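Student: Quick one: sequence and predicted model below, then my questions.
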Amino acid sequence: MTGPRFDTVSFLTDYGTADEFVGVVKSVIRDIAPHVGVIDLTHEIAPFDIRAGSLALARCIGYVPSGVVLAVVDPGVGSLRRAVAIEVAGGAGVVIGPDNGLLAPAIAMAGGAERAFELTNVEYQLDAAGATFAGRDVFAPAAAHVCNGVALCELGPEIDPVLLLPGTVPLPREDGDALVTEVLWVDRFGNAQLNIGPDDLPPLWGSHLQVQVGAPTDPSGVSVRRAVRATRFSELSGGAVGLVLDSYGMLAISMDQRSAAEELGVSAGDQVTIVSLEDPPPVETRVDLGRR
Amino acid sequence: MTGPRFDTVSFLTDYGTADEFVGVVKSVIRDIAPHVGVIDLTHEIAPFDIRAGSLALARCIGYVPSGVVLAVVDPGVGSLRRAVAIEVAGGAGVVIGPDNGLLAPAIAMAGGAERAFELTNVEYQLDAAGATFAGRDVFAPAAAHVCNGVALCELGPEIDPVLLLPGTVPLPREDGDALVTEVLWVDRFGNAQLNIGPDDLPPLWGSHLQVQVGAPTDPSGVSVRRAVRATRFSELSGGAVGLVLDSYGMLAISMDQRSAAEELGVSAGDQVTIVSLEDPPPVETRVDLGRR
Amino acid sequence: MTGPRFDTVSFLTDYGTADEFVGVVKSVIRDIAPHVGVIDLTHEIAPFDIRAGSLALARCIGYVPSGVVLAVVDPGVGSLRRAVAIEVAGGAGVVIGPDNGLLAPAIAMAGGAERAFELTNVEYQLDAAGATFAGRDVFAPAAAHVCNGVALCELGPEIDPVLLLPGTVPLPREDGDALVTEVLWVDRFGNAQLNIGPDDLPPLWGSHLQVQVGAPTDPSGVSVRRAVRATRFSELSGGAVGLVLDSYGMLAISMDQRSAAEELGVSAGDQVTIVSLEDPPPVETRVDLGRR
């Protein structure tokens, strides 16, 4: 029994690129499935940071070509956590990685797991001296064999998708007149993406807001800044802080050509509380051109 | 009307690799034009550093295969700066990116812009929630469609190449007996490339020079060192500083297996003033082997 | 006379990715041999660190697909060191790089050099202004032409493989009851790979060991820790230090989801002395359930 043949593996890890891990995984894939192209999504997820990896993968999933998605952030390698292959999107995609929550948000964005299999069949794995490099020995061969058309059911027993470990994405909450949000991600340019989209802001709020970084109980204190809603960085002149609609449809704390995250001292996972400021009245001073 | 079909996109940005930006751009390209191979030139241009990006691109342009060059250092994303596709080299290459000076030195080295088009046709762009990721939504689709043979005139209106924003490359100047130069680039190994080639040195200068880092008015002071002209690092023994002909035909301040930039405290953009030192007379001491 | 045609170049350097060096080498390869896929093993070998590069290459060599291996850590570029192409594995692989010891451990692991050639034929090199970028001008063209089926003997004269510069891999040694080892490599996750496999430990040693980092004469002092032998990181709970069988069959000093190298202050090249601790007696306390 065979599955569809795929040409692309989209690849995300916390391996970094200083060691040869990424290159060895790609070597294994090329050895088994020479026709496959591998796209590196990123390998700079912080070591063991499942949450950051799951969010990055979720941001990518709408853009990866049909084929295999291979994601490895795997602090429990060699332990009892399962290695899995999950079919999504009517078979157009197969997501392979550890069942530790890393894959869950991306799977959800792809419409949910349709079928899931545990990667236990050692015929589709590499022999290895030690059990510490599942990316090379378990996940890469599975990805390559799936690209070659090996059916998922050959890789191991089917498991009920409802048993897959869910991911956790923080939800915003209202607290009186305030909206309490959380920073999901700070990018290279210092944009701090929040866990809210434009529709999460109360409809009556204007374009002038106040953002407060840190919980009131935070011993390191809070920082409070005015922020304006904007759609382009270039609207934020003169060092203004903006709440900008980012390219993923979320709101991000941003500045123009400067790092808002650095300016406000904000990191992924931090709480940000937003309140509305009364918009300033429109300037309509009457000007008399005639003499009095 | 169709253009030539290309197989390669050469890709340079300031995106870094910690975020998934580079991977998502490649995913978009592969989705539209699966036959294309993408070559990463570098993605570690400092954020918003148009000058450094333009110099790196100019160093690459003589080596990239025919096809599309995609370059994105784009602090004005979403503002009024134009997104452009520029044909060079009799149609053998198309350079795509923002019209902010980034592309200009490379275009000049490739023989100049032959035709230019503004990327305004939304049929060849991705819909997106926000306007902050033109690499994904505007430039990548354009690059991929051009590789598929879509004619440049389909992407938007033709514009006069003379209207493209020029780049700025600093020129050396003579100041009395001195040559005042500027550091264009410090590489990983600490070589500090200057904006002069060997022919820019006065023909009567010998091989012994003095280099002075920093302007005389620089409050942080200047550092002065002797330097010898050399063609190989290995000629620079014993910690000598050299003015070495680099692989791009420029002169670089270099040391053997050490960082000259660190040793002299020099960075890209710094002024370096060079003067000739009288070459020491050849050592011709008479040695008497016989007894007196 | 032609050689086999290859599809893959596996590529390792100390170039980093901040500069465009890696991208330019790939551009040169694609220009000459468009059918070739390049796999980046790593480019983050520390500048000029031949030993680290040779060990990384040796760890990869068992996994790279048949084809060309291109490795460049080349402090002597432009000097008298030879540029070589070495045939291994019955012609299934050709290793190209500088003859400075970088290639030796990988060549040995691939079964030894079968034939070797010096890359002197300028017809298979690029003209260049300066002599400082052999990766671009000498090694990349050689790799690409070999992939195109150019016979090795076309690239330059055959040389006796016994004349190739050997690499140096430190051997462990016994010192009384202790085993004196050396750290070969610290990976991103802080695992410190030693130059011993499980069979290098005396057969009567139990699973409880003591590791001492640093030589007794080291003025910065030594650090001593208990360590247990383990096969999975997850066995090392509560901050325990383990001697774990790694994925290359070597023993590594590791911790669970923490950096052992940071915890113990150990770096590549450090000496680590291991002694056996008597295994604690099994806990068999008699428990009287009845009343006295």
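Tutor: Arrived safely.

Student: SS state for A:Glu123?
Tutor: helix (DSSP: H, G, I helix; E, B strand; the rest coil).

Student: That should have said A:Val275, apologies.
Tutor: Applying three-state DSSP: A:Val275 is strand.

Student: repeat for A:Asp199
Tutor: helix.

Student: That one and chain C, how far apart?
Tutor: A:Asp199 sits 38 Å away from chain C, going by Cβ to the nearest Cβ, to the nearest Å. C-beta coordinates here come from the backbone N, C-alpha and C atoms, glycine included.

Student: For that residue, the count of nearby residues, please.
Tutor: Applying other Cβ atoms under 10 Å in any protein chain shown, we find 7 residues neighbouring A:Asp199.

Student: So for it, what's the pLDDT?
Tutor: Looking at A:Asp199, its pLDDT stands at 95.

Student: Would you map the helices across the stretch 151-292 of chain A?
Tutor: Ranges of helices within the stretch 151-292 of chain A are A:260-264, based on DSSP state H, counting those that start in this stretch.

Student: Closest residue of it to chain C?
Tutor: Going by Cβ to the nearest Cβ, chain C is nearest to A:Arg188 of the stretch 151-292 of chain A, at 13.5 Å.

Student: residues in chain A within reach of chain C, list them.
Tutor: Counting by Cβ under 8 Å from any Cβ of the partner chain, chain A comes close to chain C at A:15-24, A:26-28, A:30-31, A:34, A:37, A:47-48, A:75-80, A:128-133, A:136-137.

Student: same thing but at 6 Å, please
Tutor: Proximity of chain A to chain C, by Cβ under 6 Å from any Cβ of the partner chain, involves residues A:16-20, A:23-24, A:26-28, A:30-31, A:47-48, A:75, A:78-79, A:128-133.

Student: Which of these fall in helices?
Tutor: Among the residues of chain A next to chain C, the members found in helices (DSSP state H) are A:Gly23, A:Val24, A:Lys26, A:Ser27, A:Val28, A:Arg30, A:Asp31.

Student: Strands of the stretch 151-292 of chain A, start to end?
Tutor: A:158-159, A:173-175, A:178-186, A:192-194, A:208-213, A:223-230, A:242-245, A:251-254, A:271-276 (DSSP state E, counting those that start in this stretch).

Student: okay if I get these as a markdown table plus distance to B:Gly93?
Tutor: Listed next are those as a markdown table, based on distance: least, Cβ to Cβ, whole Å:
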| stretch | distance to B:Gly93 |
| --- | --- |
| strand A:158-159 | 50 |
| strand A:173-175 | 53 |
| strand A:178-186 | 36 |
| strand A:192-194 | 36 |
| strand A:208-213 | 45 |
| strand A:223-230 | 36 |
| strand A:242-245 | 35 |
| strand A:251-254 | 34 |
| strand A:271-276 | 45 |
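
Student: from those strands, which stretch is densest packed?
Tutor: Highest mean neighbour count among the strands of the stretch 151-292 of chain A (mean count of other Cβ atoms under 10 Å in any protein chain shown): strand A:251-254, with a mean of 27.

Student: and the angle for the lowest-mean-pLDDT helix or strand in chain A with strand A:208-213?
Tutor: Using mean pLDDT, DSSP states H and E, the weakest-scoring helix or strand in chain A turns out to be strand A:223-230, at a mean of 93. Using axes from the mean of the first three to the mean of the last three Cα atoms, to 10 degrees, the inter-axis angle of strand A:223-230 relative to strand A:208-213 is 140 degrees.

Student: Next, see if strand A:223-230 gets close to chain B.
Tutor: No. Against chain B, strand A:223-230 shows no contacts by Cβ under 6 Å from any Cβ, the least distance being 9.5 Å.

Student: now for that strand, which elements pack on it?
Tutor: Under the contact criterion of 3 or more Cβ pairs under 6 Å, 6 or more residues apart in numbering or on different chains; DSSP states H and E, strand A:223-230 touches strand A:208-213, strand A:242-245.

Student: closest one to chain B among these?
Tutor: That would be strand A:242-245 among the helices and strands packed on strand A:223-230, by Cβ to the nearest Cβ, at 4.1 Å.

Student: So for C:Gln271, which of the strands of the stretch 151-292 of chain A sits nearest?
Tutor: strand A:178-186 (40.2 Å; Cβ to Cβ).

Student: That closest one pairs with which strands, and in what direction?
Tutor: Here strand A:178-186 has these sheet partners by DSSP bridges: strand A:173-175 (antiparallel), strand A:192-194 (antiparallel), strand A:271-276 (antiparallel).

Student: got the ones you listed as a markdown table, with mean pLDDT columns?
Tutor: Below are those laid out as a markdown table (pLDDT from 0 to 100):
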| stretch | mean pLDDT |
| --- | --- |
| strand A:173-175 | 95 |
| strand A:192-194 | 98 |
| strand A:271-276 | 96 |
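
Student: between the ones you listed, which gets nearest to B:Pro216?
Tutor: Once these are compared by Cβ to Cβ, strand A:192-194 is nearest, at 43.1 Å.

Student: who's in contact with the closest one?
Tutor: A:181, A:183-186, A:246, A:250-253, A:260-261, A:266 (Cβ atoms under 6 Å, 6 or more residues apart in numbering or on different chains).

Student: In CSV: those residues, plus pLDDT.
Tutor: Listed next are those as CSV, based on pLDDT from 0 to 100:
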residue, pLDDT
A:Thr181, 97
A:Val183, 97
A:Leu184, 97
A:Trp185, 97
A:Val186, 98
A:Asp246, 95
A:Met250, 96
A:Leu251, 97
A:Ala252, 97
A:Ile253, 97
A:Ala260, 96
A:Ala261, 96
A:Val266, 95
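
Student: Which strand or helix spans A:Pro105?
Tutor: Taking DSSP states H and E as the criterion, A:Pro105 maps to helix A:104-109.

Student: gap between the residue of the stretch 151-292 of chain A closest to chain C and chain B?
Tutor: Per Cβ to the nearest Cβ, A:Arg188 is found 4 Å from chain B.

Student: How about A:Pro166?
Tutor: From A:Pro166 across to chain B, the span is 22 Å (Cβ to the nearest Cβ).

Student: number of nearby residues for the closest residue to that residue other than its chain neighbours?
Tutor: Distance criterion Cβ to Cβ, 6 or more residues apart in numbering or on different chains; nearest residue to A:Pro166, sequence neighbours excluded, is A:Ala104 at 5.2 Å. By other Cβ under 10 Å, 23 other residues sit near A:Ala104.

Student: Tell me the pLDDT of A:Ala104.
Tutor: 97.

Student: Surely it and A:Thr168 touch.
Tutor: No. Using Cβ atoms under 6 Å, A:Ala104 is not in contact with A:Thr168; the gap is 8.4 Å.

Student: who touches the closest residue to chain B within the stretch 1-150 of chain A in this structure?
Tutor: The nearest approach of the stretch 1-150 of chain A to chain B comes at A:Leu41, 3.6 Å away (Cβ to the nearest Cβ). A:Leu41 makes contact with A:Ser10, A:Leu12, A:Cys60, B:Glu20, B:Gly23 under the criterion Cβ under 6 Å, 6+ apart.

Student: can you check A:Leu165 too?
Tutor: For A:Leu165, the contact set (Cβ under 6 Å, 6+ apart) comprises A:Asp99, A:Asn100, A:Gly101.
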